[in-house]
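A.B. asks: my questions are about this predicted structure, shown below with the sequence.
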Amino acid sequence: MKHKVCSITDVPPGSKHRFQVDGEPVLIANIEGTFYAVSDTCSHADASLADGIMEGTEVECPYHGARFDIRTGNALSLPAVSPIESFTVSVEGDEIYIESDFF
């Protein structure tokens with residue numbers, strides 16, 4: 001199912017932002033003009049990844065430093081061992097959409 005999340009102007013290049021999509025927290029990141037979407041909740045500590053540091057294609061959990069690949073949701077470092085959900089992103093005009101059967 002396709003969900004409208006935000007406008008492209010809400011996530012400038014090099015930034016990330018948390019949005020609620022049907023009550024679920026989603027992190028949208030703009031990496032060099034390409035948009036990515038993952039679950040905004042760390043799989044280890046139940047923390048908002050939007051509050052963490054983004055470097056390149058990785059985001060770090062603000063609680064214990066677990067890192068995730070924003071493109072795939074894969075856990076890249078301990079203490080996280082489980083991936084986070086990643087979503088297919090499409091841009092239509094100035095709007096960002098994600099595809100998910102998750103919610």
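C.D. replies: Looks like it came in fine. Numbers count the residues shown, from 1 in each chain.
A.B. asks: export the helix or strand hosting residue 28 as CSV, just CAs?
C.D. replies: Element membership for residue 28 (DSSP states H and E) is strand 24-31. C-alpha atoms of strand 24-31 as CSV (Å, rounded to 0.1, in the frame of the first residue of the first chain):
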residue,chain,number,x,y,z
GLU,A,24,4.0,4.4,12.9
PRO,A,25,7.3,6.4,13.1
VAL,A,26,9.2,6.5,9.8
LEU,A,27,12.6,8.1,9.2
ILE,A,28,13.0,9.8,5.8
ALA,A,29,16.6,10.6,4.8
ASN,A,30,17.8,12.6,1.8
ILE,A,31,21.3,11.4,0.8
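A.B. asks: and the nearest residue to residue 65 once chain neighbours are set aside, what's its pLDDT?
C.D. replies: Excluding the flanking residues, the one nearest residue 65 by C-beta to C-beta, 6 or more residues apart in numbering is residue 77, at 7.1 Å. For every residue, glycine as well, the C-beta is placed using N, CA and C. Note for residue 77: predicted pLDDT of 97.
A.B. asks: model confidence score at the residue of the chain most remote from its centre, please.
C.D. replies: In the chain, the greatest distance from the average C-alpha position (C-alpha atoms, centre = their mean) is reached by residue 93, at 20.7 Å. If you check residue 93, the pLDDT there is 97.
A.B. asks: all set, thanks.
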